[in-house]
Each structure stands twice: as structure tokens, then as C-alpha cells.
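[1] just need the structure, nothing else, for what follows:
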Amino acid sequence: MDIYLVGGAVRDKLLGRPVVDRDWVVVGATPEAMLEAGYKAVGKDFPVFLHGETKEEYALARTERKTGRGYHGFAFHADPTVTVEQDLERRDLTINAIAERDDGTLVDPFGGVRDIETRTLRHVSPAFAEDPVRLLRVARFAARYAPLGFTVADETMGLMRQIVEDGEVDHLVPERVWAETRKALSEPMPSAFVRVLRECGALRVLFPEVDALYGVPQRPEFHPEVDTGIHLELVLDAAAKLAPGDALVGWCALTHDLGKALTPADVLPRHIMHEQRGIAPVRELSARLKVPTEYAFMAEMVCKHHLNAHMAFELKPTTVLRLLDALGALRRSERLETFLLACMADKRGRLGSETAPYPQADYLRACRDAAAAVTSQPFVAQGLQGPAIGEAMKKAQVQAIASLARTVPDSAP
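    This next block holds a predicted model:
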């Protein structure tokens with residue numbers, strides 16, 4: 001048998017990036033030979049094995065053919081006659097279709113090295129159009145590599161448009177859409193994910209609530225970029241800088257302004273009550289993609305309350321406490337951090353505001369700490385019982401927040 005290092009490990013080595021996971025392809029072997037050599041079978045749909053010591057994945061070289069619609073509509077064929085070139089041909093992008101031999105030499109039948117040098121995301125073969133997940137993967141790779149100058153090849157974008165026009169995207173299961181989206185939101189430039197999906201027409205199919213933001217104007221004195229869709233892209237990238245790799249903050253950034261697409265035309269470019277209008281589309285999008293409960297909750301909280309964060313210094317202490325209670329921040333401080341990072345990204349996701357200060361964050365953290373420091377013991381010692389203890393604690397928490405509010409300088413934005 002011949003063993004090759006393949007895929008992302010080879011790609012990232014050539015890009016000078018850290019190699020996190022290593023995958024291997026085995027040519028000239030049978031499942032029985034792999035088991036005899038000490039590998040453990042783990043593949044359900046095709047022969048994949050784990051190395052006994054490294055636990056890395058070794059897959060038998062295989063080919064595939066389209067048998068139906070959607071991600072599952074494929075049949076796989078693996079036997080010792082399948083070559084490494086045939087295995088590479090079934091992959092999505094040329095930069096992922098490079099193999100490395102034991103001696104370090106490369107097998108590059110589709111020009112992946114050249115495309116790495118020219119910073120191009122290009123499909124391997126026309127079979128690319130058979131799998132709609134690949135459309136999402138290209139958009140995700142754009143989010144990862146756009147900072148390095150990578151762009152999608154014109155002919156690949158044409159195939160992606162064809163996937164949309166043929167209705168293949170309609171057969172993507174929510175779990176796969178969410179899995180790719182979650183990864184994209186963890187990348188350095190998630191705005192590229194949105195732009196690529198919009199350019200090929202998939203955004204209006206998979207994320208119509210987001211697509212609807214493009215072309216909607218905002219007041220230029222607050223949003224020099226004017227277009228709400230452009231603002232969203234800026235917020236996504238601001239979130240990626242503030243919270244690298246944090247998909248939860250990214251999801252909140254993606255969904256925080258969905259209500260602006262529902263603003264009546266006669267009041268534009270103002271967006272009065274957009275945070276309330278946004279609750280329904282946030283819930284619909286979260287439900288349709290079956291996002292985790294915490295993602296759905298925090299997205300709704302950021303959508304509903306981000307203006308309160310911006311106006312934190314103007315809020316009454318009772319309103320601040322209600323905000324903290326709504327977030328559950330007195331028990332879970334990490335929720336406040338997620339909320340504040342998303343709100344800070346909203347503030348910085350505007351042309352000319354990329355490094356704008358956000359003192360509201362420190363103020364709300366101080367409010368949270370002051371309120372959380374209030375305990376029930378003093379009130380129990382006073383002889384209070386039942387609901388009276390809770391009422392006394394809330395009054396004490398409001399007072400603790402009020403004492404902080406009086407120390408805020410008048411110059412604070």
C-alpha cells in the first residue's frame with residue numbers, strides 16, 4: 001500500500017500556516033489489510049480507519065458518483081485499483097486536491113499549487129456542481145483566506161450560480177447549513193462568506209432575512225456606509241477581530257439588525273423600533289437552521305437590547321438591572337461578555353469607527369458586578385422571608401447600580 005498526506009494539511013503547509021489536523025489516503029489496500037495492519041475501522045459510508053497510535057484518519061482511495069439530489073445523493077467506490085489522482089479528483093477545490101508522498105514530493109494533477117500562489121479558489125472538476133455543500137464550503141474558505149488575498153475563480157462562481165439555479169441548494173439540510181455557517185463565523189473575515197453567498201444567489205435562498213438588508217439605507221450621520229448590508233459586513237469583521245474564533249458573537253453580529261429590512265419605506269432612512277421588529281426574523285432564522293439554544297437566545301437578546309447597550313449611560317438603574325436580568329448575567333457573566341462584544345462590534349462596524357472606544361462595556365460590567373455582589377444574608381438576618389427577600393435584594397441592586405451611575409463622567413459618550 002502507498003500512503004499520502006492529503007487535503008488541508010498539505011494546503012496549510014504550502015501557505016505557511018499551522019497544520020492542525022492531518023488526513024491520509026491509502027492506495028492499493030483493502031479494508032481487511034488495514035485491519036490486519038492494526039488500524040481501527042470507523043467509517044460508516046466508506047472505508048475510513050484510525051491509526052492505532054496517532055488516531056489520525058486514514059481513508060482508502062475512492063471515487064464517487066451522483067445518484068440523487070442533495071448532500072447524501074452519492075455512491076462511493078473504493079478498491080485497491082483506485083489511484084491517488086482519482087481520489088483527488090473528487091475533491092472540491094484545487095487547493096484541497098494536493099497529495100504529499102513520504103519523500104515530500106507533491107501529487108498535484110489539478111494545479112492546486114499554482115492556485116495557492118495566485119490566491120484562487122477554483123473547483124477541481126465539473127462534478128463540483130453535484131454537491132451543494134461545496135457552495136457553502138467555498139464561501140467558508142473565502143472567509144478564512146480572504147485576508148490572504150484569495151478570491152473565487154469566475155468559472156467556479158458560475159458553477160455556484162448554476163447550483164442555485166438548479167435548485168440543489170433547496171435540498172441542503174439545516175444541520176449542514178448551520179455547520180458550515182458556524183465555521184465561517186469563526187474565521188477571520190466572515191463578511192466574505194456573506195458576500196460570496198450573495199454573489200452566487202444562495203444568500204436569498206438560505207438567509208433571506210440577511211439578503212433583505214442590502215439596499216436598505218441608514219442615516220449617514222450615524223452610518224457613513226449607508227447600506228445596511230454593508231454595515232452588517234463591517235460588523236461581522238469587527239466581531240471577528242474583537243472575539244477571534246467566537247462563532248456565538250459572530251452569530252449575534254449576523255442577526256442583530258434583521259429588523260431594519262422590515263422598516264416601513266416612508267420612514268427610511270430612520271429605523272425606529274427596528275430592534276423590536278427584528279425579534280421575529282431572528283427567531284425564524286434560528287429555528288429554520290436549528291441553531292443551538294444559546295445561540296438563539298443570545299441572538300434575540302442582542303437584537304432586542306443592543307440600543308440599550310449603546311445608551312447605557314442614559315439608562316435608569318432599574319432599566320440596567322432589567323437588562324442584566326433579561327440576559328441572566330447575574331448568574332452567567334459570560335452572557336454579558338458575549339452581549340457586549342456583539343454591541344461593540346455594532347459600534348465599530350461603521351466606516352470611520354473601526355477603533356471607536358466603547359466605555360459602555362466597562363460601565364455595564366461594573367453594574368453587573370455591583371448587582372451580583374448583593375446577597376440575601378443581610379435581609380434574612382433582618383427577619384425577612386419569602387418574596388420580601390427578593391424585593392429587598394432588587395432594591396439593593398438598584399441602589400448599587402445607582403451609586404455607579406453617579407460616578408460616570410459627563411463627557412462619556
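[2] in the chain, which helix or strand is least confident?
    When the helices and strands of the chain are compared on mean pLDDT, DSSP states H and E, strand 74-78 comes out lowest with a mean of 63.
[3] elements contacting the helix or strand following that one?
    Following strand 74-78 in sequence order, the next helix or strand is helix 84-89 (DSSP states H and E). Applying 3 or more Cβ pairs under 8 Å, 6 or more residues apart in numbering; DSSP states H and E, one finds that helix 84-89 contacts strand 2-6, strand 23-27, strand 62-66, strand 99-100, strand 106-107. In short, each C-beta sits where N, CA and C put it, glycine included.
[4] hey, least reliable of those by pLDDT?
    Mean pLDDT is lowest for strand 62-66 among those, at a mean of 71.
[5] mind listing what's buried in stretch 205-215?
    L206, F207, E209, V210, D211, A212, L213, Y214 (16 or more other Cβ atoms under 10 Å).
[6] shouldn't the last one be in contact with G229?
    To tie it back to what came earlier, the one meant is Y214. Yes - in terms of Cβ atoms under 8 Å, Y214 counts as a neighbour of G229; the distance is 3.3 Å.
[7] quickly list what's touching both of the two.
    Taking Cβ atoms under 8 Å, 6 or more residues apart in numbering as the contact rule, Y214 and G229 both touch R198.
[8] can you show me the strands along the stretch 101-250 of the chain?
    Along the stretch 101-250 of the chain, the stretches classed as strands by DSSP state E, counting those that start in this stretch are 106-107, 120-121, 151-152.
[9] so what touches the first one?
    Strand 106-107 is contacted by residues Y4, V10, V84, E85, L88, I98, A99, E100, R101, V113 when judged by Cβ under 8 Å, 6+ apart.
[10] and the strands of the stretch 101-250 of the chain as a markdown table, adding mean neighbour count?
    What follows is these, written out as a markdown table (neighbours: other Cβ atoms under 10 Å):
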| stretch | mean neighbour count |
| --- | --- |
| strand 106-107 | 16 |
| strand 120-121 | 22 |
| strand 151-152 | 20 |
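[11] how about low-confidence regions in this structure?
    Low-confidence segments of the chain (pLDDT under 70): 44-46, 64-76, 405-413.
[12] any idea how it splits into domains?
    For the chain, automatic domain parsing gives the domain ranges 1-110, 243-413.
[13] for those, give me a markdown table that also has distance to A142.
    Putting the domains of the chain into a markdown table (distance: least, Cβ to Cβ, whole Å) gives the following:
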| stretch | distance to A142 |
| --- | --- |
| domain 1-110 | 11 |
| domain 243-413 | 15 |
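[14] minimum distance to V177: which of the ones you listed has it?
    domain 243-413 (5.8 Å; Cβ to Cβ).
[15] so how far is that closest one off the chain centroid?
    Here domain 243-413 is found 21 Å from its chain centre; the criterion is Cα atoms, centre = their mean, to the nearest Å.
[16] can you check stretch 176-190 too?
    Per Cα atoms, centre = their mean, the displacement of stretch 176-190 from the mean C-alpha position of its chain is 3 Å.
[17] could you list the buried residues of that stretch?
    Using 16+ other Cβ under 10 Å as the test for burial, stretch 176-190 gives 176-178, 180-190.
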